[in-house]
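Trainee: Fold the following for me, if possible:
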Amino acid sequence: MDLKAALINLQCEMVAERNLVNPKAISWLQYDILYQLKKEGEILPSHLSVTLGVSRTKISKALKGLKVKGYIQQSPNKFDGRELYTSITEQGRTLLDNISFKHAVLYQTALRVFTKEEQETFAYLSNKLSNQLRESRRE
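Mentor: From the prediction side, this is the model:
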């Protein structure tokens with residue numbers, strides 16, 4: 001099987017799966033921001049911009065929408081008052097938990113399709129590729 005075609009196909013399928021669980025209350029960029037905040041805790045917008053590979057302008061707009069909906073909170077950076085530390089609120093965590101519940105179908109499908117060894121290999125290779133893509137954006 002052609003690796004390039006397999007990656008493109010997987011990306012398309014993952015987008016389709018994402019659309020099935022779209023909460024319609026937030027954009028996918030906003031979802032990605034909430035996910036990073038839940039995973040990492042307080043983050044500066046500049047860090048989010050690099051991590052997600054999105055311009056600071058788009059990050060700022062997405063953060064504004066999340067703040068209006070009560071999913072995030074922000075506090076001034078003690079060293080540079082122009083930047084705000086951003087963290088997820090309890091309401092934001094609840095939203096992510098509800099979306100996560102819907103992601104369980106994808107997980108159950110993977111459990112059914114892959115053998116235990118294939119699950120471990122897929123997880124290892126997916127994390128390896130994801131980490132490299134993330135690092136490449138930071139360079």
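Trainee: Please list all residues in contact with the residue nearest to residue 88 when sequence neighbours are not counted.
Mentor: Spatial nearest neighbour of residue 88, excluding adjacent residues (Cβ to Cβ, 6 or more residues apart in numbering): residue 37 at 4.0 Å. All C-beta spots, glycine's among them, are computed from the backbone N, C-alpha and C. By Cβ atoms under 8 Å, 6 or more residues apart in numbering, residue 37 lies in contact with 43, 72, 86-88, 92.
Trainee: which ones among the residues you listed are found in helices?
Mentor: residue 92 (DSSP state H).
Trainee: Make CSV from the contacts of residue 37 and add distance to residue 60, neighbour count and pLDDT to it.
Mentor: Shown next, in CSV, are the contacts of residue 37 (distance: Cβ to Cβ, whole Å; neighbours: other Cβ atoms under 10 Å; pLDDT from 0 to 100):
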residue, distance to residue 60, neighbour count, pLDDT
43, 13, 19, 93
72, 12, 24, 97
86, 10, 23, 96
87, 16, 16, 96
88, 17, 24, 97
92, 17, 22, 95
